[in-house]
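**Student:** got a predicted structure here, sequence first:
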Amino acid sequence: MAETGPVFETDDPELAPERLIERFGRDIYRDFDIDDPTLNEHFHEAIDFMVQKCPVAHSKVGTGYTVFSKEETIRRIGQDWQTFSSAKGYIPNRPADQPMMIPVEQDPPDHTAWRRALNPHMSPQVMAKVRPDVLREVNSLIDSFIDKGECEFISEMAAQLPGRAFFIYVLGVPVDDLATLVRNVDLSLFGPMETRAKYHKEVYDYLEVFMKDRAASPPQGDIIDTILKGVTYGDGSEAPWDHKVSVVLDLTYGGISTTIYALGSIARHLAEHPEQRRQLIDNPDWIENSVEEFVRAYSPVVAMGRSCTRDVEVEGVQLKEGDFIMLGYSAAGRDPRSIANPKELNFAEPTIHHATFGVGPHRCIGSHLARMEMAAFIEVWLKRIPDFRLKPGMEPVYETGFLRAMSSLYLEW
Amino acid sequence: MRLKIDEVLCSGHGRCWKYAPDVFPIDDDGFNLLRGSIIEIPADQEEAATKGMKACPERAITMID
């Protein structure tokens, strides 16, 4: 853990410990905690403060970590995988017995081997072919509740669409199993700490059975067959079976919660900004720009971690080999150094000042699927439900860890 | 206008292609097909190319002149 002395020397009264505790419920400058419920309560205020006033913050939780929030810094770190490794995991204080997620918790060349094999299945061209199916799914989900004049958006739309798009059309998982799978993923991420491992294992076990079935079935030429075929690692060894299951697990985790939150954030923003709804209805060619703006301002990934492979100085902070750092993607999209009015969304111009899909070799492999899903959702929803609002008295409910999540969002029209 | 597309920094975000598909073709992996090269931009494509360049989350596309 980096020594914390000199960087805290500041005359800024806003950074005084008691002032931070009063405002955010915690000293987020000297002892940030990504899992503290106070971060959930003050989320946007806290990350906006961090990126503006303390873009290098520290945590004393467990073995401790340093949090970076500037967009420029995050780009530099994300691209420098040689110095900032993913191979020791992306969450802080990772339990030692938790198996690594493949390939997100690998470095090149092993990571590269998997990405070369997987990328062709997740490319923009492939997602363009899946788009008509996704448009149909959005329509059929809206059919199921439009006549009620209201919905609980997360359970009735947001939690349904990514599962359908990804599992049915990309992975080919039976639709009947979706609800349980999505629920178990959610409980393993946001459920009570003591049962998270249990639900994580249930998801793993389900996917392992699915993979065994597929291994015993005739090949379909899809992404699962590519994963079953495996890759050769840098040392000449073949990727073992548990790594293959882990790849499917990684894709599953990457594709569900994140997109649910993105869709929920889009729906909430549009519910509260009728003038911006009108912009997208009048200018449908702005929808793809709007997706970039939504993910910039409301990043589903709060922060992802790296471990330093050597002593290195970043923004005047001396990091030592083995130190854990976090890249604050949520804050980076709201960096006033990169964008003039970070809290305002501008749909007219593509302002890709975000690190929401990651930067460097670990760029989100599902980014093309996610972008397509979001754009398809906005297009269909605004055609069918152009005017809608938050249901009075029903405040949206959020959860925060290394991911940001929305557990309920009541809308009416 | 000439643009340089960095071979290593391109990570397959596909944003250059989205905003300027005629300037920045992509391969089957979704990566810029012309990465590692310097390309001459026709006058009528300069606006689209600039948009595509600015849209790169890696800042892998830079203007030479």
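**Tutor:** Happy to help now that I have it.
**Student:** would the longest helix anywhere in chain B count as contacting chain A?
**Tutor:** If you go by DSSP state H, chain B has its longest helix at helix B:46-54. Yes: on the criterion Cβ under 8 Å from any Cβ of the partner chain, helix B:46-54 is in touch with chain A at B:Lys51, B:Lys54. Every residue, glycine included, has its C-beta placed from N, CA and C.
**Student:** for the helix or strand just after that helix, packing partners?
**Tutor:** The element immediately downstream of helix B:46-54 (helix or strand, assigned by DSSP states H and E) is strand B:61-63. Using 3 or more Cβ pairs under 8 Å, 6 or more residues apart in numbering or on different chains; DSSP states H and E, the elements in contact with strand B:61-63 are strand B:2-5, helix B:46-54.
**Student:** just put the ones you listed in CSV and tack on mean neighbour count and mean pLDDT.
**Tutor:** Compiled in CSV, those are given as follows (neighbours: other Cβ atoms under 10 Å in any protein chain shown; pLDDT from 0 to 100):
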stretch, mean neighbour count, mean pLDDT
strand B:2-5, 18, 98
helix B:46-54, 18, 95
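**Student:** wait, what's in contact with the spatially most central residue of chain A?
**Tutor:** Centroid-nearest residue in chain A: A:Val301, 3.4 Å away (criterion: Cα atoms, centre = their mean). Residues near A:Val301 by Cβ atoms under 8 Å, 6 or more residues apart in numbering or on different chains: A:Thr258, A:Tyr329, A:Ser330, A:Thr356, A:Gly358, A:Phe402, A:Leu403, A:Arg404.
**Student:** read off the pLDDT value for the second one.
**Tutor:** pLDDT recorded at A:Tyr329 is 98.
**Student:** just checking, it touches A:Ile74?
**Tutor:** Yes: using Cβ atoms under 8 Å, A:Tyr329 makes contact with A:Ile74 at a distance of 7.0 Å.
**Student:** who in chain B is up against chain A?
**Tutor:** Within chain B, the residues that sit near chain A (Cβ under 8 Å from any Cβ) are B:9, B:11-15, B:17-19, B:26, B:28-31, B:51, B:54-59.
**Student:** if I look at the residue nearest to the centre of chain A, how far off is chain B?
**Tutor:** Note on A:Val301: its distance to chain B, by Cβ to the nearest Cβ, to the nearest Å, is 14 Å.
**Student:** follow-up on the earlier one: now a PyMOL select for only the buried ones of the residues of chain B next to chain A.
**Tutor:** Buried members of the residues of chain B next to chain A, defined by 16 or more other Cβ atoms under 10 Å in any protein chain shown, are picked up in PyMOL with:
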select buried, chain B and resi 9+11+12+13+14+15+17+18+19+26+29+30+31+51+54+55+56+57+58
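**Student:** the strands in the stretch 251-400 of chain A, which residues?
**Tutor:** Remark: strands assigned in the stretch 251-400 of chain A by DSSP state E, counting those that start in this stretch are A:304-308, A:312-314, A:317-319, A:324-327, A:389-390, A:397-400.
**Student:** partners of the longest one in the sheet?
**Tutor:** This points to strand A:304-308. Applying DSSP bridges, strand A:304-308 is found paired with strand A:84-85 (antiparallel), strand A:324-327 (antiparallel).
**Student:** dump these to TSV, plus mean neighbour count and distance to A:Phe210.
**Tutor:** Rendered in TSV, the data for the strands paired with strand A:304-308 read as follows (neighbours: other Cβ atoms under 10 Å in any protein chain shown; distance: least, Cβ to Cβ, whole Å):
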stretch	mean neighbour count	distance to A:Phe210
strand A:84-85	20	30
strand A:324-327	24	32
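**Student:** buried deepest among the strands of the stretch 251-400 of chain A, which one?
**Tutor:** Ranked by mean neighbour count, those are led by strand A:324-327 with a mean of 24 (mean count of other Cβ atoms under 10 Å in any protein chain shown).
**Student:** if we look at it, which residues are touching it?
**Tutor:** Contacts with strand A:324-327, where a contact means Cβ under 8 Å, 6+ apart, come from A:34, A:59, A:63-68, A:74, A:77-78, A:84, A:88, A:92, A:303-308, A:314, A:319, A:355, A:402.
**Student:** right, so of the helices and strands packed on strand B:61-63, which gets closest to A:Ser338?
**Tutor:** A:Ser338 lies closest to helix B:46-54 among the helices and strands packed on strand B:61-63, at 11.7 Å (Cβ to Cβ).
**Student:** how about the closest one as PDB, C-alpha atoms only?
**Tutor:** Output in PDB follows, covering the C-alpha atoms of helix B:46-54 (Å, rounded to 0.1, in the frame of the first residue of the first chain):
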ATOM      1  CA  GLU B  46     -12.600  15.000 -43.900                       C
ATOM      2  CA  GLU B  47     -15.600  15.900 -41.700                       C
ATOM      3  CA  ALA B  48     -16.600  12.200 -41.200                       C
ATOM      4  CA  ALA B  49     -13.000  11.200 -40.600                       C
ATOM      5  CA  THR B  50     -12.500  13.900 -37.900                       C
ATOM      6  CA  LYS B  51     -15.700  12.700 -36.200                       C
ATOM      7  CA  GLY B  52     -14.400   9.100 -36.300                       C
ATOM      8  CA  MET B  53     -11.000  10.100 -35.000                       C
ATOM      9  CA  LYS B  54     -12.400  12.000 -32.100                       C
END
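**Student:** just checking, what packs against that helix?
**Tutor:** Identification of packing neighbours for helix B:46-54 by 3+ Cβ pairs under 8 Å, 6+ apart yields helix B:15-19, strand B:61-63.
**Student:** tell me the predicted confidence for residue 37.
**Tutor:** Looking at chain A here, since you left the chain open. On the pLDDT scale, A:Pro37 gets 93.
**Student:** actually chain B
**Tutor:** B:Ser37 is assigned a pLDDT of 96 by the prediction.
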